[in-house]
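In: I would like the atomic coordinates for the input below:
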Amino acid sequence: MTSELGEILPDAQGEESSTVGSSSSAVALPALDRFGCGYLVVDDQGNIVEANAAARLILGEEAGLLEDLDQLTKAFRRLIARTPNQPVLGPLSWIVIGNKFDAPLVLNQAANVTAHGTSVVMLLDLDAHLRPNPFLLRRMFGLTMAETRLALQLASGDLPADVARNFHLSPVTIRSQLAAVFAKTNTSRQAELVVLLDRIALLP
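Out: You can find the predicted model right below:
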């Protein structure tokens, strides 16, 4: 019996493909977590057989905490069901889907990637912010714990006033911490700091 998802994710016979089990793919797919990019390995019946942490977080927005692959598959099917015009996904097709909070998601099928008919589907939440590794951030710039926390909150899209309110700190304290972060990272504006943090977030 062919599932609804199986019809949307067709067999891509005859197209160039790589093998998920290959050494290059085995390294490349898990590394997508560092870019905030989710991946799903989907079998020819439309069932998810593998998912990285980023994909679980994205699909978790659909149904809360997802503990097993069956739950992930159901959440993914609900996501697909909201796709405009139910497009057929291919190796180079990208579409934008709104999640239940109306944040945009990019969905891509990387074609048939194994001899057993499984496909890799890429998920990217365009509304998400990458966060650098806090330990790496502290080592690189010599930030204190408080300065690191402030930097991470700014990288997530918060404003200094938000951080002050959420952590019950005075605006004076936040301004002092922010000045220290600027000095240690050789930046002078919040936008410049966020760009730097986005780049550092790509590091392992």
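
In: Low-confidence stretches in this structure?
Out: Low-confidence segments of the chain (pLDDT under 70): 1-31, 34, 61-67, 84-104, 107-117, 204.

In: can you map out the helices along it?
Out: Counting by DSSP state H, the chain has helices at residues 4-8, 23-31, 53-63, 69-81, 134-141, 145-155, 160-166, 171-185, 190-200.

In: With mean neighbour count as added columns, please give those in a markdown table.
Out: Where C-beta positions appear, they are placed from N, C-alpha and C, glycine not excepted. Formatted as a markdown table, the helices of the chain follow (neighbours: other Cβ atoms under 10 Å):
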| stretch | mean neighbour count |
| --- | --- |
| helix 4-8 | 15 |
| helix 23-31 | 12 |
| helix 53-63 | 19 |
| helix 69-81 | 18 |
| helix 134-141 | 14 |
| helix 145-155 | 19 |
| helix 160-166 | 15 |
| helix 171-185 | 16 |
| helix 190-200 | 15 |
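
In: which residues does the residue lying closest to L57 once chain neighbours are set aside contact?
Out: In space, and not counting its chain neighbours, L57 is closest to G38: 7.3 Å by Cβ to Cβ, 6 or more residues apart in numbering. With contact set as Cβ atoms under 8 Å, 6 or more residues apart in numbering, G38 has these partners: 32, 51-52, 54-59, 122-125.

In: Which of the helices of the chain sits closest to V106?
Out: helix 53-63 (10.2 Å; Cβ to Cβ).

In: Just the angle for the closest one relative to helix 69-81, thanks.
Out: Orientation note: helix 53-63 sits at an angle of 70 degrees relative to helix 69-81 (axes from the mean of the first three to the mean of the last three Cα atoms, to 10 degrees).

In: got the CA coordinates for helix 53-63 in PDB?
Out: The C-alpha trace of helix 53-63 is given here as PDB (Å, rounded to 0.1, in the frame of the first residue of the first chain):
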ATOM      1  CA  ALA A  53      18.800  16.400  16.100                       C
ATOM      2  CA  ALA A  54      17.900  19.500  14.100                       C
ATOM      3  CA  ALA A  55      15.100  17.700  12.200                       C
ATOM      4  CA  ARG A  56      13.700  16.400  15.500                       C
ATOM      5  CA  LEU A  57      13.600  19.900  16.800                       C
ATOM      6  CA  ILE A  58      11.900  21.200  13.700                       C
ATOM      7  CA  LEU A  59       9.300  18.400  13.700                       C
ATOM      8  CA  GLY A  60       8.900  18.800  17.400                       C
ATOM      9  CA  GLU A  61       7.200  22.100  16.800                       C
ATOM     10  CA  GLU A  62       4.400  20.000  15.200                       C
ATOM     11  CA  ALA A  63       3.700  17.800  18.100                       C
END
